[in-house]
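Enquirer: Got a predicted model here, sequence first, then my questions.
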Amino acid sequence: MAYQTACQADEVWEGDMLEVDVGEHPVLLVRMEGGALHAYQGMCPHQDIPLSEGRFDGKVLMCRAHQWTFDARNGQGINPHDCQLAQYPVREENGQVLVEVEGVSPLFAHS
Ligand code: FES
């Protein structure tokens with residue numbers, strides 16, 4: 001298993017999100033209020049819409065298509081509650097964001 005460079009750390013501002021491709025995987029990076037960085041599947045588990053086209057307020061992600069919402073601390077669905085974003089291991093090193101995508105598959109929910 002290996003971490004791959006996703007982007008420069010200063011490309012993801014606090015309270016902001018950024019979609020990057022890591023290998024073949026679309027990955028959504030979110031930087032929480034306070035600076036913590038998380039990496040999730042880039043596509044909505046509902047109908048494959050890029051989550052980067054939605055909204056992020058520093059705490060909650062909202063898909064633009066049907067307004068599903070997710071807790072950006074852990075990817076847990078808020079509305080509906082019975083869904084989840086797959087989370088990738090992520091770390092910052094020497095000004096770069098590194099993500100490990102191997103072994104993690106995007107999750108899909110009921111439609
Ligand atoms: S595609 Fe994201 S909420 Fe429907």
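Expert: Yep, that arrived. Numbering: from 1, shown residues only.
Enquirer: Get me the contact residues on the protein for the ligand.
Expert: Cys44, His46, Gln47, Ile49, Cys63, Ala65, His66, Trp68 (Cβ under 6 Å from any ligand atom). C-beta coordinates here come from the backbone N, C-alpha and C atoms, glycine included.
Enquirer: filter these to the buried ones?
Expert: For the residues of the chain next to the ligand, a burial check counting by 16 or more other Cβ atoms under 10 Å picks out Cys44, His46, Ile49, Cys63, Trp68.
Enquirer: dump the residue contacts of the second one.
Expert: Each residue near His46 by Cβ atoms under 8 Å, 6 or more residues apart in numbering is listed here: Cys63, Ala65, His66, Trp68, Cys83, Phe108, Ala109, Ser111.
Enquirer: Kindly report the same for the fourth one.
Expert: By Cβ under 8 Å, 6+ apart, Cys63 lies in contact with Cys44, His46, Ile49, Leu51, Gly54, Thr69.
Enquirer: Likewise for Leu28?
Expert: Neighbours of Leu28 in contact, by Cβ under 8 Å, 6+ apart: Met17, Leu18, Glu19, Ala39, Tyr40, Gln41, Gly42, Leu51, Ser52, Leu61.
Enquirer: Likewise for Phe56?
Expert: Per Cβ under 8 Å, 6+ apart, neighbours of Phe56: Gly15, Asp16, Met17, Val30, Met62, Ala72.
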